[in-house]
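Enquirer: just a sequence and a predicted model for now, questions to come.
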Amino acid sequence: MAPDGTRIVAQAGERLMQQRVQLNGRPAGVDDLRALALVNYGHFSSMQVRDGAVRGLDLHLQRLQRATRELFASTLDVEATRGWMREALADVAGTASLRVTVFSRALDRDYLCEAVAPDVLVALAPARDIGSAPLRVRSVRYQRDAPHIKHVGTFGLFHQKRLAQAAGFDDALFVDAGGAVAEGSIWNVGFFDGAQVVWPDAPALQGISMQQLQEGMRRRGVPMQVRRVELAEVARFRSAFFTNTSRTAVPLSCIDACAFAVDPDLLSLLEDCMSVHPWEAI
């Protein structure tokens, strides 16, 4: 049976987005991507888009600015970048996933301290839905290089997730050398003790969704604390959750052998805290 018209349109839209990869505002070719593929040095920010708008747009752009200065000793043209993002979304309605990657075709890997002009790769894809089912995660002693940067060196984190899945879990939770909980593979983790939300204080990426939740909690007057969380103490918490750009909060059902309660009220509270942030037009 042939698919109905709605499905045909949806499938066509997905194909359009899957093919849309632009470099500095024009379609990217193989030679354009050679430096990114072979040198693998750069950084990015991923965001969910709704009708051309993003939550936390300023935070994404600030992240890209800071990392460009640190990795390339140069300045990112934010207005041009924003314009290229708009161009990629020009005829796309509804939800989508947008990734902005900054690298440099001018980079000389023998002289990495020289300032070089950045290149901006904008890639559009169908919105990613990771689902809301509680996740089982396995702790592992691991820390990303330069954890404060959302860089393109993702082998380690995906490999740790793979190893966790091979052991029967859904994902990996990174713990630093001193035993402190840091972050998940591509997400931040939070805990709830029944009275307040506790965010781990350890070397990790300050995720945009985590920053927004923390600000939302401050505005809503929700008790929270940022402090060192030892892996050995996680059993004291009632609930745990992960947050990233794909979903405000997903409950964790366990870390290793430590089980947590799935708390619908907590999840609703987190969604309410996120709702204080408007969708900003790109």
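Expert: Structure's in. What do you need?
Enquirer: span of stretch 224-232 from start to end?
Expert: 20 Å (CA to CA, to the nearest Å).
Enquirer: my read: residue 174 touches residue 144, true?
Expert: Yes - applying CB atoms under 8 Å, one finds residue 174 in contact with residue 144, separated by 7.5 Å. (C-beta placed from N, C-alpha, C; glycine too.)
Enquirer: helices of the stretch 51-200 of the chain, start to end?
Expert: 57-72, 78-88, 155-166 (DSSP state H, counting those that start in this stretch).
Enquirer: which strands and helices sit next to the longest one?
Expert: It refers to helix 57-72. Judged by 3 or more CB pairs under 8 Å, 6 or more residues apart in numbering; DSSP states H and E, helix 57-72 is in contact with strand 43-50, helix 78-88, strand 95-103, helix 208-220.
Enquirer: go with 10 Å
Expert: Counting contacts by 3 or more CB pairs under 10 Å, 6 or more residues apart in numbering; DSSP states H and E, helix 57-72 packs against strand 43-50, helix 78-88, strand 95-103, strand 119-125, helix 208-220, strand 279-281.
Enquirer: what of the shortest one?
Expert: Based on contacts counted as 3+ CB pairs under 10 Å, 6+ apart, the elements that helix 78-88 packs against are strand 21-23, strand 43-50, helix 57-72, strand 95-103, strand 119-125.
Enquirer: just the angle between that helix and strand 95-103, please?
Expert: Relative orientation of helix 78-88 versus strand 95-103 (axes from the mean of the first three to the mean of the last three CA atoms, to 10 degrees): 140 degrees.
Enquirer: number the chain from 145, please
Expert: Sure, I'll start counting at 145 from here, so that last one is helix 222-232.
Enquirer: could I have helix 222-232 exported to CSV, CA atoms only?
Expert: Extracted C-alpha coordinates of helix 222-232, given in CSV (Å, rounded to 0.1, in the frame of the first residue of the first chain):
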residue,chain,number,x,y,z
VAL,A,222,28.4,35.5,15.3
GLU,A,223,26.1,37.4,13.1
ALA,A,224,27.3,35.6,10.0
THR,A,225,27.0,32.3,11.8
ARG,A,226,23.5,33.1,12.9
GLY,A,227,22.7,34.1,9.3
TRP,A,228,23.9,30.7,8.0
MET,A,229,21.8,29.0,10.6
ARG,A,230,18.7,30.9,9.3
GLU,A,231,19.6,30.0,5.7
ALA,A,232,19.8,26.3,6.6
